[in-house]
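Q: Here you go, sequence then predicted model.
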2 protein chains.
Amino acid sequence: MQQPLKFEIEAICKDTGARAGILTTAHGVIKTPVFMPVGTNGTLKSLTFDQTLNCGAQIILGNSYHLYLRPGHKLIKEAGGLHKFTSWGLPMLTDSGGFQVMSLSKLLKKTDDGVFFKDPCGGLTHFIGPAKSMEIQNDIGADIIMAFDDFPPNPATYEQAKFSMERTHKFLEKCVVAHTNSQTQALFGIVQGSIYEDLRIESAKFVTGIDLPGYAIGGVAVGEDRPLIEKISKFTANLLPYNKPRYLMGIGTPWDIIHAIYSQIDMFDCVSPTRLARHGSFFYQNENISIKRANFAQDFLPLDPNCKCGTCLRYSRAYLHHIVRRKEMIGAILLSVHNVYTLINYANMARQAIIEGKFKELYEREASLKLKEKN
Amino acid sequence: MQQPLKFEIEAICKDTGARAGILTTAHGVIKTPVFMPVGTNGTLKSLTFDQTLNCGAQIILGNSYHLYLRPGHKLIKEAGGLHKFTSWGLPMLTDSGGFQVMSLSKLLKKTDDGVFFKDPCGGLTHFIGPAKSMEIQNDIGADIIMAFDDFPPNPATYEQAKFSMERTHKFLEKCVVAHTNSQTQALFGIVQGSIYEDLRIESAKFVTGIDLPGYAIGGVAVGEDRPLIEKISKFTANLLPYNKPRYLMGIGTPWDIIHAIYSQIDMFDCVSPTRLARHGSFFYQNENISIKRANFAQDFLPLDPNCKCGTCLRYSRAYLHHIVRRKEMIGAILLSVHNVYTLINYANMARQAIIEGKFKELYEREASLKLKEKN
């Protein structure tokens, strides 16, 4: 039987277990660890695909919830799938919509079959559950598709977390049955269980008990207690099979990425680089700094003098300060170039360090920077 | 003495007198006729400089009024001039701010020395007149700079037009005296006179009586009666010296451009391509069409099947309809690529036709399209 995904581990850090791998999909090869920029509606929020590619992106995300509502998965199917509809011909991953039906819509009713919700724009009632999510994602046609999962409230009691985890497991079984393109689209299962280690063990056991091309760690993007979330992410990653790609959903920042790689995770995504850019902020040594600050008005250095992105090679802080203050769209775009490049580059630097046997040094340097910043 | 500009006429249409020329500036060569995209604040509203260049732009505009207020001409001078501050190293032209102090600010007082106005953002009182405009434009350092001129109300009585024209002439004399970089920056004089032919004759006589590297036709971008404006533009162009570049300020549309070239004009600028794009509209055969129209939702053709711009080569109307409706910034960007390319390409097509002796056919084809559209 044709496999939708091949994952080979190329190098392992002997101190931390951090992995450098090669993920082969129907639309191209992805070198891991990899940061995946988010293009919810079939476009990044502020980068064209050329700019996205120039930032070094190997794979981008779409969202089933948004694309189902508008323009509709049937239209995308008619266009020849999301790769063709958007013209991004490289690897794609779609999220299941499980998180968005609960966070972005007016939730009407949750059952073991799925979720009834109101479209925040049109007001019509819709239903998405595991079977429907698979239908949507099969029509959209991304290389990697995600199981439809359930979320507990945040913070969640043990009982809430357990109930939600069990529903996620029932959903997963239904996803596996409903998924019709398993030869070309790789379905990833998602481990839930909130902050409770025994639930994470139970969930990992259940989810990895189903032979899937990859596994994700869910429920870690929300919540304020970052050290606890880092701990549970690392704990969960170690419960996943060694030879399958591991995806930590919804992080990050430069530090989140380094920590995830240290935790032996291979894939990550986040809207943060483009969202921060739209608010006028840029990544600089593990911090987000607003370019609107008055001290940048006459600062002719690049955003980050060590950065090799298209923005840092060409533009000064003073220029960016000026155009962002003038609310020019190009300000958000040039900051997005820097922010997306920075996260992709962190993953690339880590990969290189793993291959060269120097990842532990990189991790320790970043950890001490992080510590310094806190103090 | 060093000349800031060289203009050579390469070919002339024997039927219409339309001109193809080569304009050499300190920052590069411009093949005319040329459409110049507007980058008011030191950036186009929705294209990076790479994208602007990919659209075929040879020269872009900045605006003295905006750049004076923010970030300030002294800061731009400190950065090494606008070419360096923005990183657009190719030819640039700055408008004098004459139009903007009157149209965008709260006007406080007009005298023969200039205009007192309130900054619409900060509320502070400022003054710009011919001498100040030259100081600003000298600091900014564009290759072509414009005389500070006066505008009558629109529509203007004969007396109003005459008064304003005479003030424009006094301003011009002061500009010539104040301009300190005449070896590197080419000052263009502006002919005014509203719709009155005898005033246009008088103004052309006065303005071209001063030996300047180029001349512009002002006061034609405003007003609803397009045929009258076309007539007065052509009339005025014929009053200008043959061997100097002629610039029609503030037009256009595809048709405006063809008509201006037919009128023996060499340069044009307009904010319309990016402004229309931000409102979701694109140029198609002399019309502006909204991509938001429902009939585009399932239309998989490019915006214009005959267009070779980066957007038409890659994206469908259905995709653009989707992302524009979703208010994605990239929608405005991809439509801007098409609209800016389209105007630049009209000028390029006309240039090629002039060189090949086929401009009259091109003009007549466009004129009959224009006529069809009206009926």
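A: Ah, there it is. Computed from a predicted model, the values in this text were never measured in an experiment.

Q: Just the pLDDT at the residue nearest to residue A:117 when sequence neighbours are not counted, thanks.
A: Of all residues not flanking residue A:117 in the chain, residue A:105 sits nearest, at 3.8 Å (CB to CB, 6 or more residues apart in numbering or on different chains). Quick note: C-beta positions are derived from backbone N, CA and C, even for glycine. Model confidence at residue A:105, expressed as pLDDT, equals 79.

Q: Could you do residue A:189 as well?
A: For residue A:189, the predicted pLDDT is 98.

Q: who touches it in this structure?
A: By CB atoms under 8 Å, 6 or more residues apart in numbering or on different chains, residue A:189 lies in contact with A:147, A:172, A:207, A:208, A:210, A:212, A:214, A:215, A:216.

Q: Next step: the residues you listed restricted to helices.
A: A:172, A:207, A:208 (DSSP state H).

Q: which one of the residues you listed is nearest chain B?
A: Nearest to chain B out of those is residue A:172 (CB to the nearest CB; 30.2 Å).

Q: What's the separation between the residue nearest in space to the middle of chain A and residue A:95?
A: By CA atoms, centre = their mean, chain A has its centre lying nearest to residue A:269, at 1.8 Å. According to CB to CB, to the nearest Å, residue A:269 and residue A:95 sit 8 Å apart.

Q: And for residue A:357?
A: Separation of residue A:357 from residue A:95 (CB to CB): 35 Å.

Q: and if you look at residue A:274?
A: 16 Å.

Q: of those two, who's got more company?
A: residue A:95 (28 against 24; other CB atoms under 10 Å in any protein chain shown).

Q: who's in contact with the more buried one?
A: A:61, A:62, A:63, A:64, A:65, A:146, A:249.

Q: State the distance from it to chain B.
A: 16 Å (CB to the nearest CB, to the nearest Å).

Q: Beta-bridge partners for that residue, please?
A: Beta-bridge partners of residue A:95, counted by DSSP bridges, are residue A:63.

Q: If you count neighbours, what's buried in the helix or strand in which residue A:169 is found?
A: Assigned by DSSP states H and E, residue A:169 falls within helix A:158-178. Buried residues in helix A:158-178, counted by 16 or more other CB atoms under 10 Å in any protein chain shown: A:161-162, A:164-169, A:171-172, A:174-176, A:178.

Q: ok, now stretch A:275-286?
A: Those buried within stretch A:275-286 under the rule 16+ other CB under 10 Å are A:275, A:276, A:277, A:278, A:280, A:281, A:282, A:283, A:284, A:286.

Q: So which bits of the stretch 51-200 of chain A are right by chain B?
A: Residues of the stretch 51-200 of chain A lying close to chain B (CB under 8 Å from any CB of the partner chain) are A:51, A:66, A:70, A:71, A:75, A:78, A:79, A:85, A:86, A:87.

Q: Look up the closest residue to the most far-flung residue of chain A relative to its centre, ignoring the ones flanking it.
A: Most distant residue from the mean C-alpha position of chain A: residue A:298, 35.9 Å away (CA atoms, centre = their mean). Taking CB to CB, 6+ apart, and ignoring the residues beside it in sequence, residue A:298 has residue A:318 as its nearest neighbour in space, at 5.8 Å.

Q: Only C-alpha atoms, please: export the helix or strand hosting the one you found in CSV.
A: Using DSSP H and E, residue A:318 falls within helix A:317-325. Taking Å, rounded to 0.1, in the frame of the first residue of the first chain, the C-alpha atoms of helix A:317-325 are listed here in CSV:
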residue,chain,number,x,y,z
ARG,A,317,14.7,50.4,12.1
ALA,A,318,14.2,54.1,11.4
TYR,A,319,12.5,53.3,8.0
LEU,A,320,10.4,50.5,9.5
HIS,A,321,9.5,52.8,12.5
HIS,A,322,8.4,55.4,10.0
ILE,A,323,6.2,53.2,7.8
VAL,A,324,4.7,51.3,10.7
ARG,A,325,3.8,54.5,12.5
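
Q: So what touches that helix?
A: By CB under 8 Å, 6+ apart, the list of residues contacting helix A:317-325 reads A:280, A:291-293, A:296-303, A:311, A:330-332, A:334-335, B:41-43, B:70-71, B:75, B:79, B:85-87.

Q: I'd like the average pLDDT over the following helix or strand past it.
A: Remark: after helix A:317-325, the chain's next helix or strand is helix A:329-355, criterion DSSP H and E. The average pLDDT within helix A:329-355 is 98.

Q: What ranges does the stretch 151-300 of chain A have for its strands?
A: Ranges of strands within the stretch 151-300 of chain A are A:186-191, A:214-217, A:246-248, A:267-270, A:281-284, A:287-290, based on DSSP state E, counting those that start in this stretch.

Q: taking those together, which one is wrapped up most tightly?
A: strand A:246-248 (a mean of 28; mean count of other CB atoms under 10 Å in any protein chain shown).

Q: pLDDT on that strand, on average?
A: For strand A:246-248, mean pLDDT is 98.

Q: tell me which strands and helices that strand is in contact with?
A: strand A:214-217, helix A:226-237, strand A:267-270 (3 or more CB pairs under 8 Å, 6 or more residues apart in numbering or on different chains; DSSP states H and E).

Q: can you give me how far that strand is from the chain middle?
A: For strand A:246-248, the separation from the chain centroid amounts to 8 Å (computed by CA atoms, centre = their mean, to the nearest Å).

Q: try stretch A:285-299
A: 26 Å.

Q: Need the residues that contact that stretch.
A: A:253-255, A:276, A:279-282, A:303-304, A:316-318, A:320-322, A:324-325, A:331, A:335, A:366, A:369-370, A:373, B:71, B:75, B:78.

Q: Return a ChimeraX selection command for the buried portion of the residues you listed.
A: Buried subset of the contacts of stretch A:285-299, written as a ChimeraX selection, criterion 16+ other CB under 10 Å:
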select /A:253,254,255,276,280,281,282,303,304,316,317,318,320,321,322,324,325,331,335,366,369,370 /B:71,75
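
Q: Where does the prediction get shaky in the stretch 1-150 of chain A?
A: A:1 (pLDDT under 70).

Q: Mind doing that once more with 90?
A: A:1-3, A:99, A:101-108, A:120-123 (pLDDT under 90).

Q: for it, what spans make up the strands?
A: Counting by DSSP E, counting those that start in this stretch, the strands of the stretch 1-150 of chain A are A:6-12, A:19-25, A:28-32, A:34-37, A:60-63, A:92-95, A:106-111, A:114-118, A:125-128, A:144-146.

Q: Which strands or helices does the last one pack on?
A: Spelled out, it's strand A:144-146. Partner elements for strand A:144-146 (3+ CB pairs under 8 Å, 6+ apart): strand A:92-95, helix A:130-140, strand A:186-191.

Q: now the ones you listed as JSON lines including distance to residue A:223?
A: Listed next are those as JSON lines, based on distance: least, CB to CB, whole Å:
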{"stretch": "strand A:92-95", "distance to residue A:223": "19"}
{"stretch": "helix A:130-140", "distance to residue A:223": "24"}
{"stretch": "strand A:186-191", "distance to residue A:223": "16"}
